[in-house]
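A.B. asks: Give the three-dimensional model of this entry:
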Amino acid sequence: MASQPGPVMEFLGRVAYELHLMRPLFPTYLHLLVSAIFPIYTAAHASLTRPPCAAPEKGERKRVRDDVGDDDEELDSRTIETLTPSDALLFPLLAGATLALLYFILKWLQDPAWLNWCLGLYFSQIGLFFATRFLKDAFSLLRSFSLPTSYSGAGQIWKVDQKARCFISNSGQISQSPLPGWLRHLPLPSPISRRIWTLRKGLYLKAQLDFRLHRILGVKTSVDLLGVVSLSLASALVYVHTFIAKPWYLTNFLGFSFCYGSLQFITPTTAWTGTLILGALFFYDIYFVFFTPMMVTVATKLDVPIKLLFPRPDGCVYPVGAPEGSQAMEEYLQCLAKNRTMAMLGLGDIVVPGMLLAFALRFDLYLFYLRQSNSTGNVEQEVSGDKKQTSPTYLGARGKWGERFWTGRRLWGKELQARSFPKPYFYATAVGYIIGMLATVTVMQVAQHAQPALLYLVPGVLLSLWGTALFRGDLKLLFDYSESPEMEQTSKEEKAKEPKQNKSEDKSVCDAEPGHDKDGVGVDVEQKPEVHVQKTGETRKGDKDQLCLIHFAITLPIEPSGSDVKTIADGTTQALSHESCPTDKMDTIPENVEGRIRDRENEGEPPGKRARKQ
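C.D. replies: Numbers count the residues shown, from 1 in each chain. This next block holds a predicted model:
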């Protein structure tokens, strides 16, 4: 007689049985996991900004970057919502009140069609903004991979000269091909090459939009072709989802856009505040899923982009070749209506933990520049006999994915290396999030009941974040790190006091009474009528603004004339001429080409101007 299996074998047998039942659902759950990580990863990297311990870019470096059309690192004028510890109490209360209100409205209406229509109109307005931003960043990523501004080849760095329509290496070699990397060796007909260069110019060109409606509305921003295309496509998608049909993939696209935009506009400010918010929503999610029917009812009855949908396998076989209306097709449709179900994941299960993952990535960037400032080269600098604390210059942290792909890591300059900073806290919290999501799916499959995802996600994320800080000895740094704009404003005010102190003597002269110096000795003061003329001009300008009712203008950038010499960020100096690149040989410079270019530039110049150049 066979002996009874022990508890360990019973447990392993149960695990094998559940895995066998879950096997058909593996594609669905993999789809769910990737869809949850995707918006967090992309939004966290898009939310990177200059940390407080890094100095802003200097004017020359920023001017060069603007000239090549790099808009990934533009100064962000958006207002980021900083959360406080009091929000840890308000979030569950407001979310619970909203959930209860929607639940009772659904019970009262019986038919959720009108509520879905009203909420659809509301979410369409927010969705248009977030979808436009999501699409524009996606198109910018594709532009960076297909038409990068630099790449590596033959052991050199090649940088684009859009005006001359060529790539120039750091040794002065020239390539006329618009394609990067090894693709530049492909033979392209001249018409196709010219069209690609024209396309590149149009994709990187930025215009200035200026719109004013008297004193009511004023908009002044930069626009480009990608922004116009993104707005048009987002408008079409939102219109289809709001008024025509709501397929699950379109609902998921709008859900991705909401998560992508929300994670860039919200920050927990400090790690402790984020911990309090996640802890409060941890209990909120448990209560409304396990002890009330509100969460499940609202999530299943409302057809608005507040969730992600994932089709489960239905077991229905599509009748290939069966005509519409046939018995086989009707049986297939009836099978779909009976068996087709959707797995759901609320956007809150992405945004709430993702907020802390994005915070962890910005903390990694802060540590990267903080350790640079603590190195021997940047700690102190002698200024007029005094020791002054200096900060490393911020080189950017977003964008240039295509440049990193097409450039060998050994040839990366400072800007590309700065974008590949170490990310231990982000990866640790991401692993904690994935473990929590796997636990949610497993328990849901075994219990055959909806699960509060935050019950498993919050411990996984918080333990990963604080555990990594404890292991690396950064607990104090993590606790003290803050993203409050007040701290940065205070540091700016402290830096602004230094030049004021250096100009105290000039200020005392300026504060002296008219006709006397700072010692009270009488001096002659000449009255300058230009002050009156300047005020008159300002008055006329103000009168003109008052008379202007509607002003709308789109201004294209003015290309500088003459030969320009630009200093690239890594220190390479390249001469960018208005003449086209030589066409004699690919990747080589013909002999005396520089002399011929100078001769052509000097033709027609007055002798005096030519002599001054020499």
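A.B. asks: The helix or strand hosting Val160 packs against which elements?
C.D. replies: Val160 is part of strand 156-161, with elements assigned from DSSP states H and E. Other elements packing on strand 156-161 under the criterion 3 or more CB pairs under 8 Å, 6 or more residues apart in numbering; DSSP states H and E are strand 150-153, strand 166-169, strand 573-576. Any C-beta I mention is one placed from the backbone N, CA and C, and that applies to glycine too.
A.B. asks: looking at those strands, which one has the lowest mean pLDDT?
C.D. replies: Mean pLDDT per stretch puts strand 573-576 lowest among the helices and strands packed on strand 156-161, at a mean of 40.
A.B. asks: Point out where the stretch 501-614 of the chain drops to low pLDDT.
C.D. replies: Applying pLDDT under 70 to the stretch 501-614 of the chain picks out residues 501-546, 559-614.
A.B. asks: let's go with 80 and repeat that
C.D. replies: Applying pLDDT under 80 to the stretch 501-614 of the chain flags the ranges 501-548, 558-614.
A.B. asks: for the stretch 301-450 of the chain, same thing?
C.D. replies: Answering for the stretch 301-450 of the chain: the residues below the bar, that is pLDDT under 80, span 313-341, 374-390.
A.B. asks: how about 50 then?
C.D. replies: Counting by pLDDT under 50, the low-confidence segments of the stretch 301-450 of the chain come to 376, 378-386.
A.B. asks: so where do the helices sit in it?
C.D. replies: Ranges of helices in the stretch 301-450 of the chain, per DSSP state H, counting those that start in this stretch, are 327-339, 348-373, 401-406, 414-419, 424-447.
A.B. asks: would JSON lines of those with distance to Gly6 and mean neighbour count be doable?
C.D. replies: Compiled in JSON lines, these are given as follows (distance: least, CB to CB, whole Å; neighbours: other CB atoms under 10 Å):
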{"stretch": "helix 327-339", "distance to Gly6": "39", "mean neighbour count": "12"}
{"stretch": "helix 348-373", "distance to Gly6": "38", "mean neighbour count": "23"}
{"stretch": "helix 401-406", "distance to Gly6": "53", "mean neighbour count": "19"}
{"stretch": "helix 414-419", "distance to Gly6": "54", "mean neighbour count": "18"}
{"stretch": "helix 424-447", "distance to Gly6": "21", "mean neighbour count": "19"}
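A.B. asks: Determine which of the ones you listed approaches Ile277 most closely.
C.D. replies: With respect to Ile277, and counting by CB to CB, the nearest of the helices of the stretch 301-450 of the chain is helix 348-373 at 7.4 Å.
A.B. asks: what angle sits between the closest one and helix 424-447?
C.D. replies: Put simply, helix 348-373 runs at 160 degrees to helix 424-447, going by axes from the mean of the first three to the mean of the last three CA atoms, to 10 degrees.
A.B. asks: any idea how far helix 348-373 is from the chain center?
C.D. replies: How far helix 348-373 lies from its chain's middle: 13 Å, per CA atoms, centre = their mean, to the nearest Å.
A.B. asks: Residues in contact with stretch 292-303: which ones?
C.D. replies: Applying CB atoms under 8 Å, 6 or more residues apart in numbering, the external contacts of stretch 292-303 come out as 99-100, 102-103, 106, 112, 115-116, 119-120, 246, 251, 285, 288-289, 306-307, 344, 346, 450, 452.
A.B. asks: And the next helix or strand past the strand or helix carrying Gly218?
C.D. replies: When secondary structure is defined by DSSP H and E, Gly218 falls within strand 217-224. Toward the C-terminus, strand 217-224 is succeeded by helix 225-243 as the next helix or strand (DSSP H and E).
A.B. asks: pLDDT on that following helix, on average?
C.D. replies: In this model, helix 225-243 carries a mean pLDDT of 94.
A.B. asks: what angle separates that helix from strand 217-224?
C.D. replies: Put simply, helix 225-243 runs at 110 degrees to strand 217-224, going by the same axes, to 10 degrees.
A.B. asks: i'd like the first residue to be 43 from this point on
C.D. replies: Taking 43 as the first residue, the last one we looked at is helix 267-285.
A.B. asks: thinking again about what came up before, report the buried residues of the strand holding Gly260.
C.D. replies: Within strand 259-266, the residues that qualify as buried by neighbour count (16 or more other CB atoms under 10 Å) are Asp266.
A.B. asks: same question, stretch 154-163
C.D. replies: Neighbour-count burial for stretch 154-163 flags Pro154, Leu157, Asn158, Leu161, Gly162 (criterion: 16+ other CB under 10 Å).
A.B. asks: Arg237 falls within a helix, correct?
C.D. replies: Yes. In this structure, Arg237 lies within a helix as judged by DSSP: H, G, I helix; E, B strand; the rest coil.
A.B. asks: For the top helix by length along the chain, name the packing helices and strands.
C.D. replies: Secondary structure of the chain read by DSSP state H shows that its longest helix is helix 155-188. Contacting helix 155-188 under the criterion 3+ CB pairs under 8 Å, 6+ apart are the following elements: helix 129-151, helix 267-285, helix 290-307, helix 443-448.
A.B. asks: mean confidence score for the third one?
C.D. replies: What that stands for is helix 290-307. Taken as a whole, helix 290-307 has a mean pLDDT of 93.
A.B. asks: Report the inter-axis angle for that helix versus helix 155-188.
C.D. replies: Between helix 290-307 and helix 155-188, the angle formed by their directions is 70 degrees, by the same axes, to 10 degrees.
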